[in-house]
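Undergrad: Next come a sequence and a model predicted from it.
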Amino acid sequence: MALPSHEFVIAEVDREFHLQHPEAPEHLDPNDPAQAELVQQWNAMYHEFLSATVDSHFFRFFPHAPRQLDPNDPDQAQLVEYWTDLRDAIVTGTSRYDWSTPPQTNENTAAGDTGAHTDGSGQAVAAGGAAPDVDVHMDQSQFLEFVHLCLEGAHIIGDTAEVLGNLSLAAGASEEAAVVLLGEALGPVGMIASTIIMGWEVVNAFGTGERLQEQQGFCYGVMWQVCGLPDQAKGFIDWAPNTADELKEAFYSGVAEGRQKASDPAVHNRAMLAIAYYQAHGSDLDWSRHYVLNDLWHHVRESGLGNEFITWPDPEDMQPL
């Protein structure tokens, strides 16, 4: 399995950072003293996620290695070198060893043995040779094929538990490995929202108020349909030039369109996979659905007049400005 790109790591850090810091500018400026604390927090999150990403791949290659490497232990020197080389491969795209070949099963690898491939001299083969030969206990290719079938709509996901169960078999016990594997299979998770709304257009005759309500209704319609929930109530008020009834009609028209969109198996599955991704990242089911709902909202919303975030599962009543 190919290593994730540095761009993937940065995109995931950016996504998580803005979920935790919605007040932060879209692009941080390290030269702005007013943003110094935010920049420091982003850097800390980056190094934490990068280390977790390297760990997830390292322990696929070396499942019997110590869970905490000690760079001061001479007996772990080769393992530390491998870990550092994997990090360099992700960050710079260059490395001393060839990690591009999926690990091959070696049932004769003893517990505690790194299983590193050597050239007969006891030295691991450098770039251009084979990757270290390791003991592999999970097949990830089947999970990637499962995700591909789901994205194409060839298999309908009944519940995110199905995704998470298959993911645990493919990634093993490591939560970090699960997040990386599912992220690699899906690409930037926020972009799934753009594929869901593709081909849907708001009624051109609508003004700003009605457009916002229809767009919001569409997002709720998709998610209520995917999650098997009935339409929830929302309160409306007059918002010139529209009456409350006109805005209500626009909202529930969007809900109906969202439900129709989500009846497509491929759209249903994309939402399910995105929910499962956030669950694998540590969020509970309701918060994961909340994040996907807002991924949709941020892609479909045309005006800054609407709320930055919308609530799940019940929409907030309209309030006077």
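TA: Okay, I see it. Numbering: from 1, shown residues only.

Undergrad: Which strands and helices lie in contact with the longest helix along the chain?
TA: Among the segments of the chain that qualify as a helix by DSSP state H, the longest is helix 36-61. With contacts defined as 3 or more CB pairs under 8 Å, 6 or more residues apart in numbering; DSSP states H and E, the packing partners of helix 36-61 are helix 6-20, helix 77-92, helix 175-186. (Glycine included, C-beta is placed from N, CA and C.)

Undergrad: Quick one: closest of these to residue 294.
TA: The minimum distance between residue 294 and those falls on helix 6-20, with 8.9 Å, by CB to CB.

Undergrad: Go through the closest one and flag the buried ones.
TA: Going by neighbour count (16 or more other CB atoms under 10 Å), the buried part of helix 6-20 is 8, 9, 11, 12, 13, 14, 15, 16, 17, 18, 19.

Undergrad: Any idea how far it is from the middle of the chain?
TA: Relative to its chain's centre, helix 6-20 lies at 9 Å (CA atoms, centre = their mean, to the nearest Å).

Undergrad: for it, packing partners?
TA: helix 36-61, helix 77-92, helix 175-186.

Undergrad: For the nearest residue to residue 197 once chain neighbours are set aside, report the pLDDT, please.
TA: Once flanking residues are discounted, residue 197 sits nearest to residue 300: 5.1 Å by CB to CB, 6 or more residues apart in numbering. We have a pLDDT of 87 for residue 300.

Undergrad: Check the contact between residue 300 and residue 219; I expect there is one.
TA: Yes: at 6.2 Å, residue 300 and residue 219 qualify as touching, with contact defined as CB atoms under 8 Å.

Undergrad: Any stretches of the stretch 51-200 of the chain with poor pLDDT?
TA: 100-139, 172-176, 188-190, 199 (pLDDT under 70).

Undergrad: Now do the domain split for the chain, please.
TA: Domain assignment for the chain by automatic domain parsing gives 1-137, 139-321.

Undergrad: from these, which stretch is densest packed?
TA: domain 139-321 (a mean of 18; mean count of other CB atoms under 10 Å).

Undergrad: what are the ranges of the helices in the stretch 51-200 of the chain?
TA: Assigned by DSSP state H, counting those that start in this stretch, the stretch 51-200 of the chain shows helices spanning 77-92, 141-151, 160-171, 175-186, 192-197.

Undergrad: nearest to residue 39, of those helices?
TA: Nearest to residue 39 among the helices of the stretch 51-200 of the chain is helix 77-92; the distance by CB to CB comes to 18.6 Å.

Undergrad: for the helix or strand hosting residue 277, packing partners?
TA: Element membership for residue 277 (DSSP states H and E) is helix 265-280. The helices and strands touching helix 265-280, judged by 3+ CB pairs under 8 Å, 6+ apart, are helix 141-151, helix 160-171, helix 175-186, helix 192-197, helix 208-226, helix 244-262, helix 285-300.

Undergrad: Show which residues not belonging to the third one make contact with it.
TA: In other words, helix 175-186. Residues outside helix 175-186 that contact it (CB atoms under 8 Å, 6 or more residues apart in numbering): 1-2, 4, 8, 12, 52-53, 55-57, 59-60, 140, 143-144, 147-148, 163, 167-168, 170-171, 189, 192, 273-274, 276-277, 280-282.
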